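K.L.:
sequence and predicted structure, then a few things I'm wondering about:
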Amino acid sequence: MVSTSLLEAAELISRERVAPGFWCLGFRSPEIASRARPAHYVAIDLPGAFAVRLPLGIWTARDDTFTLLFREWGERTTRLACIADHEPLSIIGPLGNEFSIPESGQRAVIVAGGIGVVPFWLLVRELLAAKVRTTVVLGARSKHMLVGVDELRALGTEVKICTDDGSAGTRATALDLARDLPLPDIYYGCGPPPLLRALSEHANASGIACQISMEETFGCSMGTCWGCVVPIRRGSEQSIGYPRAGNEKREYDFARVCADGTVFWSSDILWNR
Amino acid sequence: MIDATHADALDLSIELGSLRLRNPIIAASGCYNRGAEFGQIMDVSAYGAVTLKSVTREPRLGNEMPRLLSTPGGLLNAIGLQGPGIDHFLEHDAPKLTTVPTAVIASVAGFSVDEFADVASRMDGLPGIVAIELDVSCPNVDAEGACFAENPASTAAVVAAVKARVTKVPVIAKLTPNVSDIKPVARAAEAAGADALSLINSLRGMSIDVERARPWLANRSGGLTGPAIRPVGVYHVWEAATAVKIPIIGMGGIETGRDAIEYLMAGATAISIGTANFRDPLAPLHVGETIAAELRKRSLRRVAALTGMANPGFVGARP
């Protein structure tokens, strides 16, 4: 039989509406909570006529519980937000690769856009434990979409906030604020693709290491279906290294966001192709 | 796992030509590969066989993104047969097949009759491979003209060319539902020597992103799978089962044992589970238990007795 099961029946233990359309749900699962690493996610089977699971990043994990912080966006997240205490919920996880942690004494800047804050509670906890000097820059469209700030500050890290409309913090983008900081040893990013692309270009141009956690529509969440790929540089660590046909004009490879990622080095991702 | 102790004296084994499987539950191509990923969650030997992702002659990078869209009760996909090609498959993947804890069915896709015959012949007799399925119906590939399985003559040409060169294992033709009548295609495949049929493949579909006024998928159209297509699959199996004597592997939206029994009663000898693995990796276990319960309820000993039970026009061999 299979020794380490990733398949868990999780029990809902808390539900909080943290902002309009944003929810934080707590689950009891010692197996998932104890194994959760920065950027890990879970795949949830929801009651209803859904052909595939809902993948969501793990927000916090303590003792035998973990939380999911998410925005209602589509039918599956709306269904999850109103899940009843007694409804069975099968969860596969934790899944995906994880962020790299630099040496003690180095400096890290985390750039998050909106709900892209999710992978960073676990990362900040890990960075602080490794004595990495960490600054989080968190941006959102408006203050009603700025979530997770208090939890990150409670870990003891500096959090700079900004909004597109100036309703909270500086009126700026997260990357604007990050650029004003001294260059760190490593950047981490998660959020909307335009932000990730701009962060990657800034980091690559500055010669600074940068890891970003990507999002795509997942099918299997296990790496079998090849539905959630991202174009990456041939020969990079996460490249599959297949041979290619003589008539193939594309110079890149595809990597699976669900199984090879969700974390990729910005220098490996091909935004311009 | 489904075995004699669990299912009392029930006989869940089935025959597809010369091939005998210990149970009728197969993992569908493109959804499972050899089970390495889902093997982290469950015991792959719950399956009577697993079907590999289709292999082409040349390596293929596949389609651009987006490749997937979740639809009501379904999943629209256009992966584009991403894969390493037959040379890489033979060198790197084939040696691992003997460690799979159940039977392995290879899958071949191609863009010409010659490509099908060439790739299939190079898989014939590989240790661990018990049958070869021909993906004559993949709707995602932008080849000249329509796909082979939309036409009886081109389906027969592929099957005949493969049968001329594959002698060691049964050949299964996987047909498309994108036809108004499946029967002429099924008859053509049988007459050309196919040992079994798989049906259905995904149903061609499209969804438009209204805000951006363009199709969601980079490939524009895709193949629809999942429970939404199940009635289409059951209907095509029913129709084909009135036209051919060779066994049929029924598939398309099977999630539960009842879904599987629908296909068996329509005329399928075995069934495949594809997209449902993504939602419930334990689906083959649940399906096996439900089939066993149905047999007991009906005081039947062999799963083969369910084949065609609901279909008065069934012409296949009854055990």
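P.N.:
Received the coordinates, thanks. Owing to the predicted nature of the structure, the values given are computational and were not obtained by experimental measurement.
K.L.:
helix, strand, or coil at the residue in chain A that chain B sits nearest to?
P.N.:
With CB to the nearest CB, the shortest gap between chain A and chain B falls at A:Ala51, namely 3.4 Å. All C-beta atoms are positioned from the backbone trio N, CA, C, and that covers glycine. Look at A:Ala51: counting by DSSP: H, G, I helix; E, B strand; the rest coil, its state is coil.
K.L.:
for it, which non-adjacent residue is closest in space?
P.N.:
Of all residues beyond its chain neighbours, the one nearest A:Ala51 is B:Gly226 (3.4 Å), with distances taken as CB to CB, 6 or more residues apart in numbering or on different chains.
K.L.:
report how many residues lie close to the one you found.
P.N.:
By other CB atoms under 10 Å in any protein chain shown, 29 other residues sit near B:Gly226.
K.L.:
surely it touches B:Cys31?
P.N.:
No. Counting by CB atoms under 8 Å, B:Gly226 stays clear of B:Cys31, with 10.8 Å between them.
K.L.:
near chain A, which residues of the stretch 201-319 of chain B?
P.N.:
Contact residues, the stretch 201-319 of chain B versus chain A (CB under 8 Å from any CB of the partner chain): B:225-228, B:275, B:277-282.
K.L.:
for B:Gly226 and B:Cys31, list the residues in contact with both.
P.N.:
Residues touching both B:Gly226 and B:Cys31 (CB atoms under 8 Å, 6 or more residues apart in numbering or on different chains) are B:Thr275.
K.L.:
ok, B:Arg258 to B:Glu289 distance?
P.N.:
Per CB to CB, to the nearest Å, B:Arg258 is found 12 Å from B:Glu289.
K.L.:
please disregard the earlier target; I meant A:Pro194.
P.N.:
49 Å.
K.L.:
only C-alpha atoms, please: export stretch B:56-71 in PDB.
P.N.:
C-alpha atoms of stretch B:56-71 as PDB (Å, rounded to 0.1, in the frame of the first residue of the first chain):
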ATOM      1  CA  THR B  56       3.700  10.200 -31.600                       C
ATOM      2  CA  ARG B  57       6.700   9.600 -33.900                       C
ATOM      3  CA  GLU B  58       8.200  13.100 -33.400                       C
ATOM      4  CA  PRO B  59       8.500  14.900 -30.100                       C
ATOM      5  CA  ARG B  60       5.700  17.500 -29.600                       C
ATOM      6  CA  LEU B  61       5.800  20.600 -27.400                       C
ATOM      7  CA  GLY B  62       2.100  20.800 -27.500                       C
ATOM      8  CA  ASN B  63      -0.300  23.800 -27.600                       C
ATOM      9  CA  GLU B  64       0.200  27.200 -26.100                       C
ATOM     10  CA  MET B  65      -1.600  28.300 -23.000                       C
ATOM     11  CA  PRO B  66      -4.400  28.300 -21.900                       C
ATOM     12  CA  ARG B  67      -5.000  24.600 -22.500                       C
ATOM     13  CA  LEU B  68      -7.800  24.000 -20.000                       C
ATOM     14  CA  LEU B  69     -11.100  25.500 -19.100                       C
ATOM     15  CA  SER B  70     -13.500  24.200 -16.400                       C
ATOM     16  CA  THR B  71     -17.100  24.100 -17.700                       C
END
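K.L.:
tell me where chain A is predicted with low confidence.
P.N.:
Scanning chain A for pLDDT under 70 picks out the ranges A:1-4.
K.L.:
quick one, longest helix in it?
P.N.:
helix A:193-206 (DSSP state H).
K.L.:
residues in contact with that helix?
P.N.:
A:111, A:113, A:116, A:139, A:173-175, A:178-179, A:183, A:187, A:189-190, A:209-210, A:212, A:214, A:266-267, A:269, A:271.
K.L.:
go again with 10 Å.
P.N.:
Contact partners of helix A:193-206, identified using CB atoms under 10 Å, 6 or more residues apart in numbering or on different chains, comprise A:109, A:111-114, A:116, A:137, A:139, A:173-176, A:178-179, A:183-184, A:186-192, A:208-215, A:264-269, A:271-272.
K.L.:
which parts of that helix are buried?
P.N.:
Under the neighbour-count criterion of 16 or more other CB atoms under 10 Å in any protein chain shown, helix A:193-206 has A:195-200, A:202-204 buried.
K.L.:
which strands and helices sit next to whichever helix or strand comes after it?
P.N.:
Once the chain leaves helix A:193-206, the next helix or strand it forms, by DSSP states H and E, is strand A:209-213. Counting contacts by 3 or more CB pairs under 10 Å, 6 or more residues apart in numbering or on different chains; DSSP states H and E, strand A:209-213 packs against strand A:107-113, helix A:120-129, strand A:186-190, helix A:193-206, strand A:263-265.
K.L.:
and these: which comes nearest B:Gly253?
P.N.:
Proximity of these to B:Gly253 was assessed by CB to CB; the nearest stretch is helix A:193-206, lying at 32.5 Å.
K.L.:
all strands for the stretch 51-200 of chain B, in order.
P.N.:
B:68-71, B:74-77, B:103-108, B:129-134, B:171-174, B:196-199 (DSSP state E, counting those that start in this stretch).
K.L.:
could those strands go into TSV alongside mean neighbour count?
P.N.:
Below are those laid out as TSV (neighbours: other CB atoms under 10 Å in any protein chain shown):
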stretch	mean neighbour count
strand B:68-71	21
strand B:74-77	28
strand B:103-108	26
strand B:129-134	25
strand B:171-174	28
strand B:196-199	28
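K.L.:
can I get these in JSON lines including distance to chain A and mean pLDDT?
P.N.:
JSON lines is the format used below for the strands of the stretch 51-200 of chain B (distance: least, CB to the nearest CB, whole Å; pLDDT from 0 to 100):
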{"stretch": "strand B:68-71", "distance to chain A": "4", "mean pLDDT": "94"}
{"stretch": "strand B:74-77", "distance to chain A": "4", "mean pLDDT": "96"}
{"stretch": "strand B:103-108", "distance to chain A": "14", "mean pLDDT": "97"}
{"stretch": "strand B:129-134", "distance to chain A": "17", "mean pLDDT": "97"}
{"stretch": "strand B:171-174", "distance to chain A": "17", "mean pLDDT": "98"}
{"stretch": "strand B:196-199", "distance to chain A": "18", "mean pLDDT": "97"}
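K.L.:
quick one: which of those is nearest A:Ile232?
P.N.:
Nearest to A:Ile232 among those is strand B:68-71 (18.4 Å), distances taken as CB to CB.
K.L.:
wait, A:Phe254 sits on A:Gly241?
P.N.:
No. With contact defined as CB atoms under 10 Å, A:Phe254 does not reach A:Gly241; the gap is 11.6 Å.
K.L.:
who has more neighbours, these two?
P.N.:
Counted by other CB under 10 Å, A:Phe254 and A:Gly241 do not tie: A:Phe254 has more neighbours, with 25 against 12.
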